[in-house]
Each structure stands twice: as structure tokens, then as C-alpha cells.
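> Using only what follows, build the 3D model:
(one chain, ligands or ions: 1)
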Amino acid sequence: MAIAPDDIRICLEDHPAREPGPQPMAEPLVQTSLFAFPNYDAMLEAFRAEHRNYVYSRGQNPTVEVLEKKLAALEQGEACKCFASGMAAVSAVIMGLLKAGDHILFVNHTYGPTIQLARHLKRFGIEHDLLLDLSPDDVTRALRPNTRLVWLENPGTMLFRTMDVDAIGDVARAHGALTCIDNSWASPLFQKPIHHGVDIVVHSATKYIGGHSDVVAGAVIATAERMEQIFYRAYLLNGGMLAPFDAWLLLRGIRTLPVRMQQHEVDALRVAEWLRSRPEVGAVHHPAFGEPSRSLTGHSGLFSFELAAGGFDAVRRFIDGLKRFRIGVSWGGVESLVISPNRGSNLAYLDAQRMPHSLVRISIGLEGAEALIEDIESSLRSLSQA
Ligand SMILES: *Cc1c(COP(=O)(O)O)cnc(C)c1O
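Predicted coordinates:
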């Protein structure tokens, strides 16, 4: 689907002129750890609001701030804070807003390290449950009196199942719980969760927002009031600040986000449809083939499929038979990537997660669908010949 002209403008717009005369086209990089003041009173004044004023770059930095304004605008939220990684953003939301005795409900397949963090937080008295059934009624039944946060991924990790974000948000709100969604898959261009009633959005900006596999970063978007809590209780003290140079790389990445997302969408759909036609392939888990989700206005380049032939051995041979796809974690860059949740030794985990053993996940880069299809075809052929 077409990307909104307003979003394209936000992604492309250069910095408003600060000085008269010729302006740099690219955002200046303010690579500094601290800011010096003309007098002591000016510093004391700045201390009153470290989330707004330049004092120290583990608080606010002009280059990082430009990025935060862009991401807040794209997500239609009041405030954004950027972090050293997606996991730093996830950690800050949970630690900034929850306390001992609170409960988190994770709905849908959730990014693995987020669940590992929740397990770790049991030591601090924060409880959680995982829910793989996605109807609002299932969510209602799974809520506990102390559920303070409902954590969503739409679509979910690895199997890319979709949900009705609006309806689940209504259920959570009626219960007095906050909702937070990990929007890394859709990017701010293909899903606007705040518009659909979600309270907090987190991103691994490492993925599509960066887009070039050269920076690890994260972001949180929320109301200004909630962001202040996250800032003072978690961001500032956990210390996972985004480096100014990494913010600068992300600002460069965002300039091509609309055109990249459009191409990822078209090429991934072509590859997914081709896979659906192949006898060597079982189910193709692409959100375009699943339950329609009213909050998704487009599809990115990450999806998975099952090999018709068996489990780990077939998975390994198929992956090793690919030449264009690189083998590696992460996704969202210009190069195509392949991985499987099946590590050969974790079948009990896969069964508990309701994940088929022959699942392969691919991230479609920008090499062109034809070249990628050719590569997959050749690996599938050698799989069936062996
Ligand atoms: C990668 C990822 C994260 C974590 O982000 P990092 O930048 O690697 O810390 C969180 N959620 C999802 C869905 C991811 O893919």
C-alpha cells in the first residue's frame, strides 16, 4: 500500500535553518559528551529538566533529539527517547513503568530476549504470562488483577501471526492496564499503533529504521508524561544512551525508509507467493496470507515458511544451499538473510512455542525478487535431489 505523503515528508525533510546563509544539507553531528554553560545559574536552570535541556549526552543531545522528533512524528506520539539498542528501549519501558507485584501479559510470539528479560525480572517481583491465543476473549481470560502491562507484537516473531490491536487495546484499557507494542516489524510507516489506541511503542531501530546493518539502536514513543517517568526512572540511570554518531546514521537511514519499505514489501510478497506455489514448501507464514489486521497498512520484508521435508536436517541443508541469502541474526537491512528457530537441540522449546520444526525465516533485502527466487529454487532443488 502507498505510504502517506506526510510520512515521506517527515523522513526526507532537512533540518530547519538555524543560521542565515547556506545550510548543511545533512544534519550536523554534535559529537560531544557534555555542554558548557556561560554561567553557573544557567547550568542550574538546565538541571531542572535534563530530559529537555542539553547538559550531558546521557540526557539529551541535539543530534539524537532531531531523530527523536522525527520518530515521534512518524508514530504520531508526543515524545520519543532513543536508546543504545532495542533491548535497552524494552528494558526502560518495563523498569520505568512497573514495580514489584505487577504482572505483564505477553500476547503473541514475542521477541526472545524480551521474554528472557521478563524471566530475569521475576527476581525483582515482576511476574508475567505468555499468551499465544490472540482473540480479545483469550486476552480477557488471561488478564490478572495485577496485570499492569499488556505487551503486543503485531505480527508476532517467527510465525508472523496478526491480531486485532484495537480490540485488544480496548480489553487492556478496560482492565486499567497499559499497552506496549513492539513495532519493529512494520516500521512506523506500516503501522501507527498510537492511532490504534496503544499507549507505548518500542522499536529496534537496528532493523528497518537503520536499514543498513551498521548500527544497533532502539526507541520508545509515548505521551510526554509517561516518557518523563521512563526517562528519570530508567533511561538516565540504566545508561543505555544512543551515541550521537549512531543517531546520525539513523537520520541518514530514515531518508530512504519509505522507498526501502515499499521495495521490501513488493519483493517479499513476490517471493512469498512463489514459495506458496512450490511442492517442496509447506505453509508460508506471511501476514498477507493470515488474518487481516486493521492496524497494518503494509507489509515489510520479513516472513517465514515451512519446508515440506522434515526437520533440522532439511533446514540445515536448505540454508547451506543458499548463495545470495546471508546466514545471520537480525534483519531489515539491504541484504537478504536466512535463519531458523530450529537449532537441532531445542525441539521441546519449539513444541512449547507451537513452532514447526522445519520453519525457516527470511528477511528479503533489496537484491531483487528474481535473483532471490532463483537462489531459493536452486537450494530447494538440491534438497529434493539428495
Ligand atoms: C531485534 C529485535 C529487538 C531487539 O533489538 P536490538 O536492537 O537487537 O536490541 C526487539 N524486538 C524485535 C522484534 C527485534 O527483532
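> what residues does the protein put near the ligand?
When proximity is defined as CB under 6 Å from any ligand atom, the chain approaches the ligand at Ser85, Gly86, Met87, Tyr111, Thr157, Asp182, Ser184, Ser204, Thr206, Lys207, Val216, Gly218. For every residue, glycine as well, the C-beta is placed using N, CA and C.
> so, if you compare the residues you listed, which one comes nearest to the ligand?
Ranked by distance to the ligand (CB to the nearest ligand atom), the residues of the chain next to the ligand are led by Gly86 at 2.1 Å.
> follow-up on the earlier one: quick check: the farthest pair among the residues of the chain next to the ligand?
Using CB to CB, the residues of the chain next to the ligand span at most 17.9 Å, a distance reached by Thr157 and Val216.
> Could you tell me which of the residues of the chain next to the ligand count as buried?
Neighbour-count burial (16 or more other CB atoms under 10 Å) is assigned, among the residues of the chain next to the ligand, to Ser85, Gly86, Met87, Tyr111, Thr157, Asp182, Ser184, Ser204, Thr206, Lys207, Val216, Gly218.
> Now do the helix or strand Asp170 falls within: distance to the chain's middle.
Secondary structure assignment for Asp170, by DSSP states H and E: helix 165-175. Offset of helix 165-175 from its chain centre (CA atoms, centre = their mean, to the nearest Å): 21 Å.
> Just the buried residues of it, please?
Within helix 165-175, the residues scored as buried using 16+ other CB under 10 Å are Val165, Asp166, Ala167, Ile168, Gly169, Val171, Ala172, His175.
> show me where pLDDT drops low in the protein?
1, 14-18, 386 (pLDDT under 70).
> Grab the nearest non-local neighbour of the residue of the stretch 251-386 of the chain found nearest the ligand.
The nearest approach of the stretch 251-386 of the chain to the ligand comes at Ser330, 6.1 Å away (CB to the nearest ligand atom). Nearest residue to Ser330, sequence neighbours excluded (CB to CB, 6 or more residues apart in numbering): Thr206, at 6.3 Å.
> swap in Glu280?
Spatial nearest neighbour of Glu280, excluding adjacent residues (CB to CB, 6+ apart): Leu380 at 4.5 Å.
> cool, and Pro279?
In space, and not counting its chain neighbours, Pro279 is closest to Ala308: 6.7 Å by CB to CB, 6+ apart.
> and the one you found, how many residues sit next to it?
Counted with other CB atoms under 10 Å, residues neighbouring Ala308 total 16.
> residues in contact with it?
Residues in contact with Ala308 (CB atoms under 8 Å, 6 or more residues apart in numbering) are Pro279, Glu280, Val281, Gly282, Ser358.
> Name the nearest of the residues you listed relative to Pro22.
Nearest to Pro22 out of these is Val281 (CB to CB; 55.5 Å).
> picking that back up, what's the helix or strand where the residue nearest to Glu280 lies in contact with?
Counting by DSSP H and E, the element that carries Leu380 is helix 369-385. Contact with helix 369-385 is made by 266-267, 270-271, 274-275, 278, 280-281, 307, 309, 314, 317-318, 321-325, 336, 364, as judged by CB under 8 Å, 6+ apart.
> What subset of these is buried?
Buried among the contacts of helix 369-385 by 16+ other CB under 10 Å: 267, 270-271, 274-275, 278, 280-281, 307, 309, 314, 317-318, 321-322, 324-325, 336, 364.
> Show the subsequent helix or strand relative to the helix or strand containing His120.
Here His120 sits within helix 112-121, counting by DSSP H and E. Going down the chain from helix 112-121, the next helix or strand is strand 127-131, by DSSP H and E.
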